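In: build me a structure from this.
(one chain, ligands or ions: 1)
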Amino acid sequence: MPVTVIVGAQWGDEGKGKVVDLLGEQADVVVRYQGGNNAGHTIENERGKFALHLVPSGICSPGTVAVIGNGVIIDPTALREEIDDLESRGISTANLKISGNAHLIMPYHILFDKVTETALGSKKIGTTRRGIGPAYADKASRVGIRVQDLLDPKIFHQKVQAAMKSKADILRLVYDQNVAGLEEECDRYLQMAETLRPYIADTSLILWQAVREGKRILYEGAQGTMLDIDHGTYPFVTSSNPVGGFASVGSGIGPTAIDEVWGICKAYTTRVGEGPFPTELLDDDGRTLRDRGHEYGTTTGRERRCGWLDLVALRYAVRVNGMTGLVITKLDVLNTFDEIKVCTAYRCNGEICTEMPPHQSTFHHATPVYETLPGWKTDIGGVRRLEDLPAQARDYLEFISDKAEVPLALVSVGPRREETIRIR
Ligand code: IMP
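Out: You can find the predicted model right below:
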C-alpha cells in the first residue's frame, strides 16, 4: 500500500471509515481530499466509537499524520468541535495538518443551503444543509474565503465584506431572510484562528516529501462515486469530486504518485437525499436492510433509502475510478435472507443495458433486471478467512467481483476492526 485511494463506489455511507481506520494502522499519512462535514465516518476501535466528519479517520492511529487537503471545505466551528472532542477522549490531534488553500464554509453558505433547498420544495436535492454547495460555488466564482485568510484579519474582513455585499441583498430580497448579525458571525471565525494556526501547513509539500520517502499514504474519499458532481447522478449529487482522480487535485500531488484505488461497496445499496435509485426497495426487504444495517445517517440521522446491490452502477464506479481493488462491506447484513437479488442490467426504453446510461432522462426511468442468488442463512460475523464463509456467501462475492471486473481486496462482516476478511 504505498499510495492508495479509498473511494465510495456507491452513493456514500459504504463503510469507508472502517476501512480507512483499518488500513490507517499501517499508513504513515491519511488524507481527506474533498467534501466537508457533510461526510460522516463512524469508526469503532478499542478506544471507543467515533463519528468523524472532517478529521481523517487515521487520526485514531498514533503516529499517523492526518491531512485535510486543499480540496476539502471546512466549517471551522465544526472542525474545532471535532478536535476538542477527540482531545477530550484522549486522541491527540498534534499530527493534524490543514491546507491553507482549503476553503471555508461561511455562515452565509449554510443559510443559502437552507433557503435554496426550502425554495426548491419537492424538487429539492436533499442536501445535508451544511453549506457545501454554496461554499464550492463561491470557490469556483473566486469569491471564496480560504483557511489562510484566517491568519490575516485585514484580508479576511475585506473578502467577507466583498462577498457579503450581494449575498445580503439576495438573502433579504429574494429569500426574505433577516441578515442582521451575519457579518459578526463571520468575524467570530477569527476568534478561532489562533487555535487553528498550529494545524495550518503546506500539505502539498508534506505529501510530496512523503511520496519521495516512499511513505505509505492513504486517501480517504468522502461521499461516493454516484454523488460526484461530474460523474454522479447530477443534479442529485454533492458539489465535489469523490472519484479517485480528484485525490491528486484535492491534495496537490500529481496523479503518477497514486498506486492503488480501492472502491468500497456495501453488499447492498443505500442512498440518502433525493434522486434516482433503480434498485430501491420500498417493501419488507428494504426495511430489513435498514434495520439490520442500521441505515440512518451519521451526519443528519436521516433514514437511508435501501435496495439490492446494483452491479451496473458498481461496474461504472470501477471504470470512472480506475479501481484496482474492491472492498465489500456489511456482508453480514444479508445473513437472514433466503434469496438475494442483484441488479445486473437495466431495462431502459424497452432495451436491456448493462452499462450506466450516459443521459439522465434514460437513467431516471431505468428499471432493474435482477439475478437471484441463494442466501446463506447463517451468522458469518465470526468468519475471518474467505474459505470459511458458507459456499453461498463465497458465490455471492465471486459473482460481484466477476461482473464488476475487479478483484476483491477485503470483506467486512461486522463494524469492528477484527470483523474483517483480508484477501489482499
Ligand atoms: P450536500 O453534500 O450536503 O450538498 O448534499 C448533496 C447530496 O449528497 C444529498 O443527497 C446528500 O444526502 C448527499 N450526501 C452528502 N454527503 C453524504 C454522505 O457522506 N453520505 C451520503 N450522502 C451524502
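In: how about the residue of the chain found nearest the ligand, secondary structure?
Out: Per C-beta to the nearest ligand atom, Gly273 is where the chain lies closest to the ligand, at 2.2 Å. Glycine gets a C-beta too; all of them are placed from N, C-alpha and C. Recorded secondary structure, Gly273: coil (DSSP: H, G, I helix; E, B strand; the rest coil).
In: who are the contact partners of the closest residue to it other than its chain neighbours?
Out: Once flanking residues are discounted, Gly273 sits nearest to Gly126: 2.9 Å by C-beta to C-beta, 6 or more residues apart in numbering. Gly126 is in contact with 117, 236, 272-275, counting by C-beta atoms under 8 Å, 6 or more residues apart in numbering.
In: for Gly126, grab phi and psi.
Out: Note on Gly126: its backbone torsions stand at phi 80, psi 40 [degrees, to the nearest 10].
In: what does the protein put close to the ligand?
Out: 11-13, 38-40, 125-128, 130, 132-133, 222-223, 227, 236, 238-239, 272-273 (C-beta under 6 Å from any ligand atom).
In: mind checking the longest helix of this structure?
Out: helix 153-169 (DSSP state H).
In: partner strands of the strand ranked longest in the chain and their direction?
Out: Across the chain, the longest stretch assigned as strand under DSSP state E is strand 339-348. Partners of strand 339-348 in the sheet, by DSSP bridges, are strand 309-310 (parallel), strand 351-353 (antiparallel), strand 367-374 (antiparallel).
In: could the ones you listed go into CSV alongside mean pLDDT and mean neighbour count?
Out: Output for the strands paired with strand 339-348, formatted as CSV (pLDDT from 0 to 100; neighbours: other C-beta atoms under 10 Å):
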stretch, mean pLDDT, mean neighbour count
strand 309-310, 98, 26
strand 351-353, 96, 12
strand 367-374, 98, 15
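In: any regions of the stretch 51-200 of the chain where pLDDT drops low?
Out: In the prediction, the stretch 51-200 of the chain carries no residues with pLDDT under 70.
In: any chance you could map the helices in it?
Out: 76-88, 107-120, 132-140, 153-169, 182-196 (DSSP state H, counting those that start in this stretch).
In: winner for burial among those helices?
Out: helix 132-140 (a mean of 21; mean count of other C-beta atoms under 10 Å).
In: that helix vs helix 107-120, what angle?
Out: 120 degrees (axes from the mean of the first three to the mean of the last three C-alpha atoms, to 10 degrees).
In: is it true that Pro276 touches Thr362?
Out: No. The pair Pro276 / Thr362 is not scored as a contact, 10.3 Å apart, by C-beta atoms under 8 Å.
In: bridging residues for the closest residue to Gly322 other than its chain neighbours?
Out: Among residues not flanking Gly322 along the chain, Val261 sits closest, at 5.4 Å (C-beta to C-beta, 6+ apart). Bridge pairing for Val261 (DSSP bridges) gives the partners Val5.
In: surely Val261 and Asn321 touch.
Out: Yes. Taking contacts as C-beta under 8 Å, Val261 lies within contact range of Asn321: 5.2 Å.
In: who has more neighbours out of these two?
Out: Applying other C-beta atoms under 10 Å to Val261 and Asn321 shows that Asn321 carries more neighbours, namely 26 against 23.
In: what sits against the more buried one?
Out: Here Asn321 is in contact with 5, 7, 9, 225, 243-245, 261, 263 (C-beta under 8 Å, 6+ apart).
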